[in-house]
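In: dropping the sequence and predicted coords here.
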Amino acid sequence: MTTPYDPEVVEAKWRARWAERGTNQPDLDAPTRPFYNLMMFPYPSAEGLHVGNMFAFTGSDVYGRFKRLMGHTVFEPIGFDAFGIHSENFAIKVGVHPAELIPRNIANFRRQLERIGGMFDWRHALSTTDPDYYKWTQWVFLQLHKAGKAYKKKAGVNWCPNCKTVLANEQVEGGHCERCGTLVEQRFLEQWFFRITDYADRLLKNLDGLDWSDTTRTAQRNWLGRSEGAEITFAAGAEKITVFTTRPDTLFGATFMVLAPEHPLVAKLTTADRKQDVEAYVAQAAAKDLVSRKVGDKDKTGVFIGATATNPATGKPIPVWIADYVLMEYGTGAIMAVPAHDERDFAFARQYGLDIVRVLAGEGQAAGTPMTEAETEVTGFHLVNSGRFDGMEAEAGKRAITDWLVDRDCGKGVVQYRLHDWCISRQRYWGPPIPIIYCDKCGPVPVPEKDLPVILPPIEDFRPDDSGVSPLARHEEWYYVDCPSCGARAPGDRRLGHLPRQRLVLPALPEHRVPRPPLRQGPHRPLVPRHHLHRWQRARGAAPPLLALPGDGPPRPGPRAVRGAVHALPRARAHREGRRQDVQVPRQRGHPR
């Protein structure tokens, strides 16, 4: 008689045997053909894992087992991406402080992960809420800041009035917050950015060498959105309006200009008789999220501001409007509108009775051929109504008109990207503080590296409010600190925020003013062999590699449990038997290894 399969019995047997033999505990000091099988860490923002987590972990785990059968020493780490808005929102929902709730959730997550029998090496499990971990998050931020790759500016952002935080464009669905469904609005806040556009060209070039599907590579190219064109300057009285266009060949057909409602020149150029209508429209546009404005309504809306600008090609004055389909985050926040050859401009011109001038003609067409719709094609078209450039092919016209503008000092050729620098700020509590101090005398001053980590303080009133300021700003005992540069007491600059939990190596970072506690010293081990992960640093003769910690030494005996949440927070248990550091690397289903 066949014994029925009982998964609880069979799986428990093998889990016990693997634990007894240390099957999933590779020798990290002397590995044979080391293979680092890192998957995305779950974020404990609920009481337990869901089937999607298991789906992702199983595929990676199977691949790790395959590599082990091929003779590799496979290290499969596991941890918990426990900071961020997801975890904080869940804590608010159930009415428990995240420092108490998240460790409890982590314990249940670990129980579930152990039951699925993955190859996880639990000796090295970690939580991103451990100060020993986010010390290196803060260190990375300082390196980016030092290199000019982290900077702060005022920008229009998506704001969820319910979650009381900034949302990335990807977190807005149909004008509503993806988490709570609240209608999103636009706010202008000082935000931290990573200068990722510096790497746009490199990212594009490297796509060619990736073993990815054509569909995926095309999607990535579209996301980066490289555009070659020209920046053109239009005089508007004493002011100058600069626009970016990929179609300098259509400059002679620009019959009006459109500024983003939040463009800094709007207030300067608006005439007194148009002020009331303009201010009302600016407020109306501010109530829309950026994603909805990008998609746009079928019926375009806008307001004439009373000013005109001079088309540098024709010398004619053209009216200046504002409209919500123009965004400050793309190009210069201003466009030259060529309704004859742009669908949005054509619809706008028809709606408001603005001039439409053909400057491209195809086969069987002439300069005076009526326009019934925007003609956006280039191939097979030549320039008309374009002065000295009449008869020139459209593509050649792009280059010729750009060179002509350069000679007249009113334009230049440029390359732009759809990709924008990444807004990383969030005005919430549950995340590691950004290591920047604000001093009236010295300006923004980085926290000295020797003073890292900047510890997230225990506060009971962690819930956000609608001010757009982090709850940390309400705690002066933490908020004020002596400037490490001049020694002065830094006054109350309350521009605080923290990094979102996004698919990046850095988990959440709130901006701070804080007394820095000394580093905890103790033995640490590198997560994986340094010769394997840090070859580039060794080659450059760099100081300690990213994951190294002070006091490297032999490992402490015994297993290492997951560390708790924020150090010293009430009732937050922090297991301190050995400390492991790691960097989260995203793994998305469908992406190649």
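Out: Alright, I've got the coordinates.

In: distance of residue 156 from residue 326?
Out: When CB to CB, to the nearest Å is applied, the distance between residue 156 and residue 326 equals 12 Å. C-beta here means a position set from N, CA and C on the backbone, and glycine is covered the same way.

In: sorry, that was for residue 247
Out: Look at residue 247 and residue 326: by CB to CB, they are 16 Å apart.

In: now do the SS call for residue 308.
Out: Put simply, residue 308 is strand when judged by DSSP: H, G, I helix; E, B strand; the rest coil.

In: show me which of residue 156 and residue 326 is the more surrounded one.
Out: Of the pair residue 156 and residue 326, residue 326 is the one with more neighbours under other CB atoms under 10 Å, namely 26 against 23.

In: state the pLDDT value of that one.
Out: Looking at residue 326, its pLDDT reads 91.

In: now swap in residue 422 and tell me
Out: Residue 422 is assigned 86 on the pLDDT scale.

In: who does it bridge with?
Out: Counting by DSSP bridges, residue 422 is bridged to residue 194.

In: pretty sure it sits against residue 199.
Out: No. Counting by CB atoms under 8 Å, residue 422 does not reach residue 199; the two are 11.1 Å apart.

In: between these two, tell me which one has more neighbours.
Out: In this comparison of residue 422 against residue 199, neighbours counted by other CB under 10 Å, the higher total goes to residue 422 at 17 against 13.

In: residue contacts, that one?
Out: Under the criterion of CB atoms under 8 Å, 6 or more residues apart in numbering, the neighbours of residue 422 are 193-194, 196.

In: pull out the buried members of the residues you listed.
Out: Taking 16 or more other CB atoms under 10 Å as the criterion, what is buried in those is 193-194.

In: burial count for residue 30?
Out: The number of residues packed near residue 30 is 9, by other CB under 10 Å.

In: and it, how far from residue 324?
Out: Using CB to CB, we find residue 30 at a distance of 62 Å from residue 324.

In: can you give me the pLDDT of residue 585?
Out: As predicted, residue 585 sits at a pLDDT of 31.

In: kindly report the same for residue 474.
Out: The per-residue confidence score, pLDDT, reads 82 for residue 474.

In: where exactly do the helices run in the stretch 1-150 of the chain?
Out: Ranges of helices within the stretch 1-150 of the chain are 7-21, 51-69, 85-94, 98-115, 131-146, based on DSSP state H, counting those that start in this stretch.

In: which residues of this structure score low on pLDDT?
Out: When residues are selected by pLDDT under 70, those of the chain lie in 1, 290-292, 294-298, 489-593.

In: could you look up the SS state of the closest residue to residue 261 other than its chain neighbours?
Out: Counting by CB to CB, 6 or more residues apart in numbering, the nearest residue to residue 261 once its immediate chain neighbours are dropped is residue 285, at 4.0 Å. Counting by three-state DSSP, the backbone at residue 285 sits in helix.

In: now do stretch 258-276: distance to the chain's middle.
Out: For stretch 258-276, the distance between its averaged C-alpha position and the chain's averaged C-alpha position is 30 Å (CA atoms, centre = their mean, to the nearest Å).

In: now do the end-to-end distance for it.
Out: 18 Å (CA to CA, to the nearest Å).

In: over to stretch 238-258?
Out: Distance between the boundary residues of stretch 238-258 (CA to CA) amounts to 18 Å.

In: cool, stretch 364-373 as well?
Out: So stretch 364-373: terminal residues 16 Å apart, CA to CA.

In: ok, residues contacting that stretch?
Out: Taking CB under 8 Å, 6+ apart as the criterion, the residues outside stretch 364-373 that touch it are 339-340, 343, 346, 356, 358, 361, 384-385, 390.

In: what residues sit buried inside it?
Out: Of the residues in stretch 364-373, those buried by neighbour count under the rule 16+ other CB under 10 Å are 365, 371.

In: could you do stretch 395-415 as well?
Out: Within stretch 395-415, judged by 16+ other CB under 10 Å, the buried ones are 397-398, 400-402, 404-405, 410-411.
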